[in-house]
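Asker: any chance you could fold what I've pasted below:
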Amino acid sequence: MQLLFIQTGGTIDKDYPKTVKGYGFEITEAAVKRIVERIKIDYDFEIITFIQKDSQDITNNDRLKLTQLCEKTQYDKIIITHGTDTIIETAKQLSVIKNKKIILTGAFTPEKFKDSDADFNVGCAIGAIEYVPLGVYVAMNGKVFKHNEVKRNLKTGQFVRKK
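Answerer: Have a look, this model is predicted:
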């Protein structure tokens, strides 16, 4: 199986890159690179950085360009790491693509943090991509949701199935 991982930024990729006079997070290299090294996936894969933005800063133009990238790539299985705040909006935009499997995932805490959910969420997406039907999905909290069947519980922050 061949996979394309696309970095868009978000909490999953955040780090404290400065050791002197640094106080804020910055989006750094793709966290998925370290994750796939740790979990030793047995697939051919490529990792590309599309953008490095907090998902609150992703624009509709960014989503359109991401859609074009996904449409044009030869890969038919794509995992996109994304910030959780607007992951559903991006999944909705990508849903115009009908001939590929695309799963968006992210993390509530940076991958660099000891108690991060990043490895779990990326692993869930990798495990699901071979088995889901064509379409666009969101993998969070140990579940994989079709793009139009997911919502965010604003009290808990978790992703849940729409009723």
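Asker: show me where the protein has strands.
Answerer: Using DSSP state E, the strands of the chain run over 2-9, 14-15, 26-27, 44-53, 77-81, 101-105, 135-140, 143-146, 150-152, 159-161.
Asker: contact partners of the longest one?
Answerer: What it means is strand 44-53. 1-10, 13, 27-30, 32-33, 36, 58, 62, 65-66, 69, 75, 83 (Cβ atoms under 8 Å, 6 or more residues apart in numbering). Quick note: C-beta positions are derived from backbone N, CA and C, even for glycine.
Asker: rerun that using 6 Å as the cut-off
Answerer: For strand 44-53, the external contacting residues (Cβ atoms under 6 Å, 6 or more residues apart in numbering) are 2-9, 27, 30, 32-33, 62, 66.
Asker: ok, which pair from those residues is furthest apart?
Answerer: With Cβ to Cβ as the measure, no two of the contacts of strand 44-53 lie farther apart than Gln2 and Ile27, at 26.1 Å.
Asker: more neighbours, the two?
Answerer: Counted by other Cβ atoms under 10 Å, Gln2 and Ile27 do not tie: Ile27 has more neighbours, with 24 against 11.
Asker: can you tell me the centre-most residue of the chain?
Answerer: The residue lying closest to the centre of the chain (Cα atoms, centre = their mean) is Thr81, at 2.1 Å.
Asker: next, the contact list for that one, please.
Answerer: 7, 12, 32.
Asker: now with 8 Å?
Answerer: For Thr81, the contacting residues are 5-10, 12-13, 30-32, 104-106, 122, by Cβ under 8 Å, 6+ apart.
Asker: where along the protein do the helices fall?
Answerer: Using DSSP state H, the helices of the chain run over 31-39, 60-72, 87-94, 118-129.
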